[in-house]
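Colleague: The sequence and its predicted three-dimensional model are supplied below.
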Amino acid sequence: MQSIHAPARLRTRAPRRSLALIAGAAAAVAVVTHLPLSADHATRSSAPATVKLIAGVPLQQARCAQWQVGTARERDAMVDVLAKVAGGASTTGGFGATLSPGETRALFTRTCSSSIARGFLLYEIYNRAAAFR
């Protein structure tokens with residue numbers, strides 16, 4: 001048994017048609033992904049984000065070592081930012097668990113007093129403690 005080859009005109013059109021469809025789909029995806037979802041989204045994303053520092057380090061990198069040398073104002077800013085970030089709306093539609101400012105300060109003072117904890121990330125300590133609420 002021998003296979004039958006498709007006529008030459010069918011063999012050349014199919015790849016061109018497929019390429020045209022792929023190119024069209026790619027262009028549509030490119031246009032959609034670059035459009036803002038709403039006017040509100042566009043204004044929120046263009047607003048500058050405020051970064052809180054403690055001992056010159058941003059929250060995402062702040063460790064117990066920075067808590068120990070940070071000023072009272074920097075510590076207060078970290079406590080406020082952590083509560084807002086951890087307590088913000090979650091992906092499931094609820095809100096995250098938070099600690100009171102006094103509980104947060106006591107937690108960091110207690111935990112960061114050990115020399116072993118110098119490298120512990122503040123947000124990790126906070127999130128783990130708040131999870132037990």
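Modeller: Yes, it's here.
Colleague: what about Arg73, how many neighbours?
Modeller: Other residues lying near Arg73 total 9 when counted by other Cβ atoms under 10 Å. The way it works is simple: take the backbone N, C-alpha and C, and place the C-beta from them, glycine included.
Colleague: What distance do you get for it to Gln66?
Modeller: From Arg73 across to Gln66, the span is 14 Å (Cβ to Cβ, to the nearest Å).
Colleague: cool, Glu74 as well?
Modeller: Glu74 is 8 Å from Gln66, by Cβ to Cβ.
Colleague: Give me the more crowded residue out of the two.
Modeller: Higher neighbour count among Glu74 and Gln66: Gln66, with 23 against 19, using other Cβ under 10 Å.
Colleague: quick one, what contacts that one?
Modeller: For Gln66, the contact set (Cβ atoms under 8 Å, 6 or more residues apart in numbering) comprises 54-57, 122.
Colleague: same question, Asn127
Modeller: Ala86.
Colleague: what about it, which SS state?
Modeller: helix (DSSP: H, G, I helix; E, B strand; the rest coil).
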